[in-house]
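In: Fold the stuff below for me.
(one chain, ligands or ions: 1)
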Amino acid sequence: MLSVRSIFRPLRHSRHPTSFLHSAASPSSSPSSAAAIEAERAIREGPRQDWTRPEITDVYQSPLLDLLFHGAEVHRHAHNFREVQQCTLLSIKTGGCSEDCSYCPQSSRYQTGLKAQKLMNKDAVLEAAKRAKEAGSTRFCMGAAWRDTVGRKTNFNQILDYVKEIRGMGMEVCCTLGMLEKEQAAELKKAGLTAYNHNLDTSREYYSNVITTRSYDERLKTLEHVQKAGIHVCSGGIIGLGEAEEDRVGLLHTLATLPKHPESVPVNALVAVKGTPLEDQKLQPVEIWEMVRMIATARIVMPKAMVRLSAGRVRFSMAEQTLCFMAGANSIFTGEKLLTTPNNDYDADQQMFKLLGLTPKPPSFGEETEDCQQEPAAVSGSG
Ligand code: SF4
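Out: Numbers count the residues shown, from 1 in each chain. As a prediction, the model looks like this:
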């Protein structure tokens, strides 16, 4: 029998930005793609953490229609395929960040015209959460443009209060506040935080081309603190930063080999903002085929994760978003803005749900400490 490795061409270790066109093996020599083999294995054996990079590369490089089909297959076994979670992300402290993330308009190092603001007060935050809930969101995410929360005791205590209040409204609560220490993770857990977002952005190899003010290992340390505190990890990345195909695979490999898969994996397409170093990024905008490839691969290698179609969705048509849901995405961000960049129209999203027969996913407060990762994936009524 042909092995998966022999069926596919070897990965070109180029650093050239990837193309969405991948050569497919000929039908006569290709009884099964890596996507088919790994999807079947994921359904049979459940999630695993021992992925090798070549294995993920082979899945990623499977013929696109096959990858899409098998992403959908795994999705239907691990989740209720009709349910899509609506999350709202609010910037509660905008701009003036000391970090140099080259895609971010909130860095104080770039002239993007964004005015730095102080932490939003409680009434305004709770009002926004209430509106989000009424509009169908079941997860409310609060983002603050900070390197970390060290030395921000007053603000941090305020945020703990916001978390308690919003959790009390029956919503999942997520924060993204920069790097986190062990003690802070424990305090957030005690306040009722559901998840903490801290993206790895890209591969370890490409990372220093994007950010220099904090290391990849510091990011991983934060994820470790979050995971150990019993908070769900939300971590993903951005495509379109100028990375090569192997960097996308590298990002997925790091996430899929964490001690526990992230509960949530946001897949963002760069929204190039004027004034940031990436404003003139080549090969913009990211092709829908690249998003589909990334989402389907994430779905197959981390079957139980919520795969979130995040920044960049605003540029995709309904038909293009449909391909993303088919490939395995089961969450979107709703609301006027995604932190500081424009987001999809509320009515258009409602129309899309109706047309596609999607239903909003109810909130889930399952305990992070329950280890479901070794169970075989099964058809279930919820994600
Ligand atoms: S991505 Fe976050 S840490 Fe980086 S510059 Fe923007 S706000 Fe700061």
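In: Verify the contact between residue 210 and residue 200 for me.
Out: No. Using CB atoms under 8 Å, residue 210 is not in contact with residue 200, being 10.5 Å away. No exception for glycine: its C-beta is placed from N, CA and C like everyone else's.
In: who's residue 341 bridged to?
Out: residue 338 (DSSP bridges).
In: Can you read off the pLDDT for it?
Out: Looking at residue 341, its pLDDT stands at 71.
In: Surely it and residue 271 touch.
Out: Yes. If you go by CB under 8 Å, residue 341 and residue 271 touch, sitting 4.8 Å apart.
In: just the helices in the protein please.
Out: 4-7, 34-45, 53-60, 64-78, 122-134, 153-168, 182-191, 204-207, 216-228, 245-256, 288-301, 318-327, 346-356 (DSSP state H).
In: Give the residue spans of the stretch 251-383 of the chain that score low on pLDDT.
Out: 283-284, 335-339, 366-383 (pLDDT under 70).
In: Report how many residues lie close to residue 65.
Out: Neighbours of residue 65 under the rule other CB atoms under 10 Å: 12.
In: What residues does the closest residue to residue 306 other than its chain neighbours make contact with?
Out: In space, not counting the residues next to it along the chain, residue 306 is nearest to residue 264; the distance is 4.5 Å by CB to CB, 6 or more residues apart in numbering. Neighbour list for residue 264: 195, 197, 232-236, 305-306, 308, 331 [criterion: CB atoms under 8 Å, 6 or more residues apart in numbering].
In: Dig out what residue 264 forms beta bridges with.
Out: Using DSSP bridges, the beta-bridge partners of residue 264 come out as residue 234, residue 306.
In: Start the count at 44 instead of 1 going forward.
Out: Sure, I'll start counting at 44 from here, so that last one is residue 307.
In: Please report phi then psi for the residue nearest to residue 149 when sequence neighbours are not counted.
Out: Spatial nearest neighbour of residue 149, chain neighbours left out: residue 188 (4.1 Å); criterion: CB to CB, 6+ apart. Main-chain dihedrals, residue 188, degrees, to the nearest 10: phi -80, psi 80.
In: that older thread, go through the helices of the chain and pick out the most buried.
Out: Neighbour counts (mean count of other CB atoms under 10 Å) averaged over each of those peak at helix 331-344, with a mean of 26.
In: Distance from that one to the middle of the chain?
Out: Centroid separation for helix 331-344 versus its chain: 11 Å, with CA atoms, centre = their mean, to the nearest Å.
In: Next, the angle from it to helix 361-370.
Out: 20 degrees (axes from the mean of the first three to the mean of the last three CA atoms, to 10 degrees).
In: counting contacts, what elements does helix 331-344 pack onto?
Out: helix 77-88, helix 96-103, helix 107-121, strand 280-282, helix 288-299, strand 307-312, strand 349-352, helix 361-370 (3 or more CB pairs under 8 Å, 6 or more residues apart in numbering; DSSP states H and E).
In: can you count the residues close to the closest residue to residue 173 other than its chain neighbours?
Out: Leaving aside its sequence neighbours, residue 173 sits nearest to residue 212 (CB to CB, 6+ apart; 7.0 Å). Residues lying near residue 212 (other CB under 10 Å) number 14.
In: what sits against residue 212?
Out: Contacts of residue 212 (CB under 8 Å, 6+ apart): 172-173, 176.
In: Format the residues you listed as JSON lines; extra columns: distance to residue 151.
Out: Formatted as JSON lines, those follow (distance: CB to CB, whole Å):
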{"residue": "172", "distance to residue 151": "27"}
{"residue": "173", "distance to residue 151": "31"}
{"residue": "176", "distance to residue 151": "33"}
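In: and of these, the nearest to residue 291?
Out: Taking CB to CB as the measure, residue 291 sits nearest to residue 172 out of those, at 33.4 Å.
In: can you tell if stretch 141-157 touches the ligand?
Out: Yes. Applying CB under 6 Å from any ligand atom, one finds stretch 141-157 touching the ligand at 142, 144, 147, 149-150.
In: Give me the mean pLDDT for that stretch.
Out: On average, stretch 141-157 scores 92.
In: and that stretch, which residues are buried?
Out: 142-150, 153, 155, 157 (16 or more other CB atoms under 10 Å).
In: OK, contacts around residue 154?
Out: With CB under 8 Å, 6+ apart, residue 154 has these contacts: residue 318.
In: Hmm, residue 352 is touching residue 366, no?
Out: No. Using CB under 8 Å, residue 352 is not in contact with residue 366, being 10.3 Å away.
In: Name the residues of this structure found near the ligand, please.
Out: 140, 142, 144, 147, 149-150, 188, 221.
In: Strands - which of those residues land there?
Out: With strands taken from DSSP state E, there is no overlap with these.
In: residues touching residue 172, list them.
Out: So residue 172 contacts 131, 133, 183, 208-209, 212, 214 (CB under 8 Å, 6+ apart).
In: I'd like to know how far residue 183 sits from the ligand.
Out: Residue 183 sits 18 Å away from the ligand, taking CB to the nearest ligand atom, to the nearest Å as the criterion.
In: Sorry, slip of the keys, the one I care about is residue 93.
Out: Residue 93 is 31 Å from the ligand, by CB to the nearest ligand atom.
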